[in-house]
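Student: kindly generate the corresponding structure for this input.
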Amino acid sequence: MKETLWNNITQLREKSPLVHNITNYVVMNNTANALLAAGASPIMAHAPNEMEAMMKICQALVVNIGTLDDYWVTSMKKAAQQANHLNKPWVLDPVGAGATPYRDEVLSDLLSLHPTIIRGNASEVMALAKHNTTSTKGVDSSAKSNEAIAAAHILVEKYQACICISGATDIIISRDKEIHLLNGNELMTKITGMGCSATALVAAFSAIVDDRAEAVTSAMALLGVAGEIAAQESKGPGSLQMHILDKLYNLTESEFNATLKLEVKRG
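Tutor: Next up is the predicted model:
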């Protein structure tokens, strides 16, 4: 599988898909830089009146609910509907799911539009599936990724989406696959928006890889490996952020193969 994942990383650099990001104020710069470093092209557009036209020129969509308001929610729904109409993939990042009734109401509406892929931490995935045994700590998870596997299966069946549970172990679950990735570094949790960058990379790969689980695995493997290597030469979160961008840009096949830790549980 390593060869397939590396081929996808190479293809991303060559094809440079255009990714439409309706994302939050906190992470726009980080997300755009991560996409550019990996080889994709970002657009950050939020005006409702241009959502349909924007999706015609983009190859994938990110809907990230981190900083919600009614204006952006209108844009999110319009863009998701247009992505479905054009048969283009869209990725839902349910930031802070379960934290407030308004957030959950918006997520219920977005889930009814059947996202192609859902990427969140364990607490968020469990909240979406109403499978909570714990609470959301702001945008951080108070549960481990393996605690959300049952909830992920509920979402797969209900929405026919591929689910990515982010954590110390990233777990990708679809109807016929379950893949665990054990890369990354704890210092990555000290950089805001790492998960949001992961979501954007997932969208980028979904634009060029038809197999949704393979697309998600490619994105999460790239970021996890880049973060793990970057941490070796970083003194703290500031330099880690810089080194991750550099490594997303210049990661080599030999580095990727030597660092990747992947377990195929099913499929």
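Student: what about the nearest residue to L181 once chain neighbours are set aside, how many residues nearby?
Tutor: Nearest non-adjacent residue to L181, counting by CB to CB, 6 or more residues apart in numbering: D170, 4.2 Å away. C-beta coordinates here come from the backbone N, C-alpha and C atoms, glycine included. Here the number of neighbours of D170 (other CB atoms under 10 Å) works out to 25.
Student: can you check T217 too?
Tutor: T217 has 28 nearby residues by other CB under 10 Å.
Student: wait, it touches I179, no?
Tutor: Yes - judged on CB atoms under 8 Å, T217 makes contact with I179 at a distance of 5.2 Å.
Student: three-state assignment of V19?
Tutor: At V19 the chain is in strand, as set by DSSP: H, G, I helix; E, B strand; the rest coil.
Student: in this structure, which residue is closest to the centre?
Tutor: Nearest to the geometric centre of the chain sits T199, at 1.8 Å (CA atoms, centre = their mean).
Student: how far away is that residue from I22?
Tutor: Distance from T199 to I22, counting by CB to CB, to the nearest Å: 11 Å.
Student: mutual contacts of those two, please.
Tutor: 62, 64 (CB atoms under 8 Å, 6 or more residues apart in numbering).
Student: overlap in contacts of T217 and I179?
Tutor: The contact sets of T217 and I179 overlap at 172, 262 (CB under 8 Å, 6+ apart).
Student: wait, what's in contact with T74?
Tutor: P48.
Student: next one: it from V106, what distance?
Tutor: Distance, T74 to V106, by CB to CB: 11 Å.
Student: all strands for the stretch 51-200 of the chain, in order.
Tutor: Assigned by DSSP state E, counting those that start in this stretch, the strands in the stretch 51-200 of the chain fall at 60-64, 90-93, 117-121, 162-166, 170-173, 178-181.
Student: ok, residues contacting the second one?
Tutor: In this structure, residues lying in contact with strand 90-93 by CB under 8 Å, 6+ apart are 23, 60-66, 79-80, 83-84, 107, 110-111, 115-120, 161, 195-196, 199, 202-203, 206.
Student: ok, it: who's next to it in the sheet?
Tutor: Using DSSP bridges, strand 90-93 pairs in its sheet with strand 60-64 (parallel), strand 117-121 (parallel).
Student: what's the angle between the longest helix anywhere in the chain and strand 162-166?
Tutor: Scanning the chain for the helix with the most residues, using DSSP state H, yields helix 212-231. Inter-element angle recorded for helix 212-231 and strand 162-166: 20 degrees (by axes from the mean of the first three to the mean of the last three CA atoms, to 10 degrees).
Student: could you list every helix and strand that helix 212-231 packs against?
Tutor: Helices and strands touching helix 212-231, by 3 or more CB pairs under 8 Å, 6 or more residues apart in numbering; DSSP states H and E, are helix 2-15, strand 117-121, strand 162-166, strand 170-173, strand 178-181, helix 194-206, helix 237-250, helix 253-259.
Student: which one of the ones you listed lies closest to L36?
Tutor: Among the helices and strands packed on helix 212-231, helix 237-250 comes nearest to L36, with 8.3 Å by CB to CB.
Student: list the buried residues of that closest one.
Tutor: For helix 237-250, the buried set under the neighbour-count rule, 16 or more other CB atoms under 10 Å, comprises 240-241, 243-245, 247-248.
Student: shaky segments in this structure?
Tutor: Scanning the chain for pLDDT under 70 picks out the ranges 131-142.
Student: I'd guessed S206 sits against A213; true?
Tutor: No - contact criterion CB under 8 Å: S206 and A213 do not qualify, at 10.4 Å.
Student: compare the two (neighbour count), which wins?
Tutor: With neighbours defined as other CB under 10 Å, S206 and A213 compare such that S206 has more, 29 against 21.
Student: quick one: that one from A60, how far?
Tutor: To A60, S206 is 5 Å away according to CB to CB.
Student: find the residues that touch each one of those two.
Tutor: Counting by CB under 8 Å, 6+ apart, the common neighbours of S206 and A60 are 89, 91.
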